[in-house]
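J.: My questions concern the predicted model and sequence given below.
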2 protein chains.
Amino acid sequence: MKVFIIGVGLIGGSFALDVKTAYDSVTVFGIDQSEKHLEEALSLGVIDAKATYEDLAQADVVFVAIPVNALTKQLSKILDLVNDDAIVIDAGSTKEAICELISEHPKRRNFLAAHPIAGTEFSGPSAALHGLYQYKTNIICEVEKTAFKLQEKALKIFSDIGMRIRYMDPKSHDIHIAYTSHLSHISSFMLGKTVIEKEANERDIFDMAGSGFESTVRLAKSSPAMWAPIFQQNKTNVLETLEAYIKNLQEFKQFMEQEDFESIYEAMENTNKIKEILKGITVKH
Amino acid sequence: MKVFIIGVGLIGGSFALDVKTAYDSVTVFGIDQSEKHLEEALSLGVIDAKATYEDLAQADVVFVAIPVNALTKQLSKILDLVNDDAIVIDAGSTKEAICELISEHPKRRNFLAAHPIAGTEFSGPSAALHGLYQYKTNIICEVEKTAFKLQEKALKIFSDIGMRIRYMDPKSHDIHIAYTSHLSHISSFMLGKTVIEKEANERDIFDMAGSGFESTVRLAKSSPAMWAPIFQQNKTNVLETLEAYIKNLQEFKQFMEQEDFESIYEAMENTNKIKEILKGITVKH
C-alpha cells in the first residue's frame, strides 16, 4: 500500500507512524512545502521517502494534514492528480468550507472529509507521536458522498490505528467543534496574553504558576499558522461562542462587583458537572 | 513531633502524608468540622488520630488547610490555644487579609503565612496525594514576623518534603496569584459553563472534546466552597485580571469581526512565548 502524507507535521506525521506500525507492507511518502520538514520527517523515520505532487498518481491513500487555508487551495488539485481507486482523506478542523468547495469536483467520490480529534500543542515532524490516534474519535462528514469501496478502505485504516468513528454533517461539526475546541484555544491564548502583558517580569510567572495555570494555558503554545485559518473559516460559529463566553465572564464580574458570592458559588457548582461529562473522554497522552 | 492538621482535605491530607513519609517519629492528628472526612482520613491512613481544638495545646506544628473564609474566622482562636513553642502554618490562597487580621495577635510570632503552590482539581481526604509538594514552590509572607526558631522549624519541614521557598509580601502575592491562578480558575469555570449551556445534549461534548478541551476546562472541577471565598478575599485584584482578560477577548472578537486575521495571528504568535516561560515550571503529577 502506498500512503502519501501531505503535510508531515504533528497530525500527518503521527498518522504516518501509526500506519507504519499497523501494516507490514506499506510505504509512506511525504509531501511538504518545507524541504526542511521533509528532510526532518525522513531522518526521524516518520516517512519512508520524499515525494512531490507528480508522484500522486501512484497513491492508494492520500492523507492531507495542512492548515485549512492551504487545504481549500490544494484539495482540488490533489484530487485532479490521484487515480480513480485512490482515497483522499483530509484532517481539517473545519468541515463546511471544504465540503462545499469540493462538492462539484468530478472526483468527489475519491474524497473523505474527516476530522480526527487528536493532537497536542506542538507542531512539526518532531511532534509526531506513535499511538496519537488510539482511542480517539474521528468525525467523518458526508460519508455518503464517498465511493463505498473507498469508504471501506479508509474505515479499515482508522480501525486498524485504533480510532472510533462518528458521522456528522459539516454544519453541525463546525458548530459543535467551535464550542469544544476552538473556544478553548481562544480562552487559552487570551489568558496567556493577559498574564504575559501584566507580568513583564517573567520570574513571577515562573515561580507562582502551578499545574492549574499550566493546564489552562497549554493551548496557547499552539501554532498560529494552523489556528488563524481555522478561526477565519469558522468565523460565524466561533463568534457565537466568543460572545457567549464573554457574556458569562461579564456576569461573573458583575456578581463580584455586587459582592454576590452566592451566585458565584452557584455558577461554579453548576459547572462542576463537567466532571461527569469529562469522565467519558478517554484521553491517553 | 506532634503535627496537627486542621482541614484534612487535599492540601492538609497531602501535607500529612508527606510529613509521615519524611519523619519516623511523627504523630499526625486531624481536626475537621466534618466527622465523615475525619473518619475517612483515619481509615485511609492520612492521619494517625482524630483530635479537637482542646488538644491543640500539645501541638508542635499546626497546619491549617481550610477555605480562606473559615481561616479568617478560626486562626485567632487556633493561635490562642497553642503553646509558645508551636508553629502554626496556614495554606491559604490569599495572604493579605489573613496577615492583616492577625497582625496584632499576641501570638503573631507563632504564625507563618504560607501558600504552597500545589494542588489538583479534586478535594476531600481521598484526594490527598503522596509527594504532592515535591519540587513545588511555597510562598512565605512576612517571614520576619515569625519567631526565628519557629521559622527554622517550618523551613526544615518544607525542605524535608521537597519544597522550595519564595518570600514575598502579602500584597504582591495577592496581585500575582490573581493572574497566575485565580484568573485561570475563572476562565476555566466560565468555559465549562458556556459549553454546558450550549451543549444540552452532552453526547456531543463527550464525542467531540479532545485533550485540549479537557486541559482547558480541568479547573472547572474545583471546589466552589474553596474558590468562592478566595474570589471574595482577593476581589480587587481578581476584578483587575478579569477586566484585562475580557478586554483581550473583546479585542480578539473585534479582529474577527473585521476579518483582521493578521492581528489574530500576531496576538497568538506573541503569546506563544508562554512556551519558554512554562518550561521553567516543574510540574510533577
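T.: Okay, I see it.

J.: Can you tell me the centre-most residue of chain A?
T.: When Cα atoms, centre = their mean is applied to chain A, the residue found nearest the centroid is A:Ser93 (4.8 Å).

J.: Ramachandran angles for that residue?
T.: Dihedral angles phi and psi of A:Ser93 (degrees, to the nearest 10) take the values phi -80, psi 0.

J.: ok, now which ones touch it?
T.: Going by Cβ atoms under 8 Å, 6 or more residues apart in numbering or on different chains, A:Ser93 touches A:Val68, A:His115, A:Ile177, A:Ser181, A:His182, A:Met226, A:Ile230, A:Asn234. In short, each C-beta sits where N, CA and C put it, glycine included.

J.: now, which of these sits nearest B:Glu152?
T.: Using Cβ to Cβ, A:Ser181 is the member of the contacts of A:Ser93 that lies nearest B:Glu152, at 50.6 Å.

J.: hang on, the closest one in a helix?
T.: Yes. Counting by DSSP: H, G, I helix; E, B strand; the rest coil, A:Ser181 is found in a helix.

J.: And the pLDDT for it?
T.: A:Ser181 is assigned 94 on the pLDDT scale.

J.: got it, and A:Leu278?
T.: 78.

J.: Not counting sequence-adjacent ones, nearest residue to A:Ile87?
T.: In space, A:Ile87 comes closest to A:Leu150 once its chain neighbours are excluded; the distance is 4.2 Å by Cβ to Cβ, 6 or more residues apart in numbering or on different chains.

J.: I'd say the one you found and A:Ile89 touch.
T.: No. Using Cβ atoms under 8 Å, A:Leu150 makes no contact with A:Ile89, being 9.4 Å away.

J.: Strands along the stretch 101-250 of chain A, start to end?
T.: Assigned by DSSP state E, counting those that start in this stretch, the strands in the stretch 101-250 of chain A fall at A:111-116, A:137-141, A:164-168.

J.: Residues in contact with the helix or strand harbouring A:Phe63: which ones?
T.: Assigned by DSSP states H and E, A:Phe63 falls within strand A:61-64. With Cβ under 8 Å, 6+ apart as the test, strand A:61-64 has contacts from A:1-7, A:12, A:15-16, A:56, A:71, A:74-75, A:78, A:82, A:86-92, A:153-154, A:157.

J.: let's see it at 6 Å
T.: Under the contact criterion Cβ atoms under 6 Å, 6 or more residues apart in numbering or on different chains, strand A:61-64 has outside partners A:Val3, A:Phe4, A:Ile5, A:Ile6, A:Phe15, A:Ile87, A:Val88, A:Ile89, A:Asp90.

J.: In PyMOL, how would I select just the buried ones from these?
T.: Applied in PyMOL, the following selects the buried portion of the contacts of strand A:61-64 according to 16 or more other Cβ atoms under 10 Å in any protein chain shown:
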select buried, chain A and resi 3+4+5+6+15+87+88+89+90
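
J.: so of the contacts of strand A:61-64, which ones are in helices?
T.: Mapping the contacts of strand A:61-64 onto helices (DSSP state H) picks out A:Phe15.

J.: sorry, back to before: and among the strands of the stretch 101-250 of chain A, the most buried is which?
T.: strand A:111-116 (a mean of 25; mean count of other Cβ atoms under 10 Å in any protein chain shown).

J.: which secondary element of chain A has the worst mean pLDDT?
T.: When each helix and strand of chain A is scored by mean pLDDT, DSSP states H and E, helix A:202-208 comes last, with a mean of 70.

J.: before we move on, the earlier item: compute the distance between the residue nearest to the centre of chain A and chain B, please.
T.: Note on A:Ser93: its distance to chain B, by Cβ to the nearest Cβ, to the nearest Å, is 10 Å.

J.: Quick check: residues of the stretch 51-200 of chain A near chain B?
T.: Contact residues (Cβ under 6 Å from any Cβ of the partner chain) of the stretch 51-200 of chain A with chain B: A:117, A:137, A:166, A:176-177, A:179-181, A:184, A:187-195, A:198.
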